[in-house]
Structures are given as structure tokens and as C-alpha cells.
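Student: Have a look at this fold, sequence not included:
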């Protein structure tokens, strides 16, 4: 089994340039976790490129062996550093976890 973790964020900033800068910061910080957090099996993240008025600003798709792997990722110090930044710039978050 593989557990797929999918998250989307809306940035809090209303200014499009600031929102884009924050979204890029979230995506780059998440991408940097590959090779640092051993539980990550695969990770893809990116900033929205279409329909900015309707779509969320940045998304993450990450695969883990199981829920234990996801939970280890959640509490990993490197991930917690990213979480601190994300919380400082994000207005809303949505997530889903499912088996693939």
C-alpha cells in the first residue's frame, strides 16, 4: 500500500505579486524536504499556473508507505520549519489522504 497525501493552500495576501512570492516560497520549501525526511517516497509540489481567480495557489502531492510514515513526516523537524513558514503566509488549507 502507498498513502498519497494531497494538500492545497490559498495564500492570505491579496496582492497578486505577494501571493505569487509566498506560493513559490511554500513550494520550494516543500520540495527541499526530499532527501531530508526519509519517510517521503515521492513528492511533487507546484504553484498554480491557470485560473488564479478560481484555483488554489499551491499544491503538494506526497507518497508515504503508510499512515505511520505520514505521521513521522508531520513531526519531522525539517517539516515543522516549513509548517511555520506556511502558517505565516497561508489563509486556507485543504487536504485528503488516500491509498493508491
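Tutor: Good, I have the coordinates. As the structure is a computational prediction, the values presented were derived from the model and not from experiment.

Student: Any idea what the most centrally placed residue in the chain is bridged to?
Tutor: Nearest to the mean C-alpha position of the chain, by Cα atoms, centre = their mean, lies residue 60 at 4.1 Å. Counting by DSSP bridges, residue 60 forms beta bridges with residue 7, residue 45.

Student: if I look at it, how far off is residue 82?
Tutor: As judged by Cβ to Cβ, to the nearest Å, residue 60 and residue 82 stand 10 Å apart. All C-beta spots, glycine's among them, are computed from the backbone N, C-alpha and C.

Student: What segments of the protein are helices?
Tutor: 16-31, 67-75, 77-89 (DSSP state H).

Student: Could you list the buried residues of the last one?
Tutor: To tie it back to what came earlier, the one meant is helix 77-89. 79, 82, 86, 89 (16 or more other Cβ atoms under 10 Å).

Student: ditto for the second one
Tutor: Of all the residues in helix 67-75, those buried under the rule 16+ other Cβ under 10 Å are 69, 70, 72, 73.

Student: who touches the nearest residue to the last one once chain neighbours are set aside in this structure?
Tutor: Which is residue 73. Distances taken as Cβ to Cβ, 6 or more residues apart in numbering put residue 39 closest to residue 73, at 4.8 Å, once the chain neighbours are dropped. Applying Cβ atoms under 8 Å, 6 or more residues apart in numbering, we find residue 39 in contact with 64, 65, 69, 70, 72, 73, 76.
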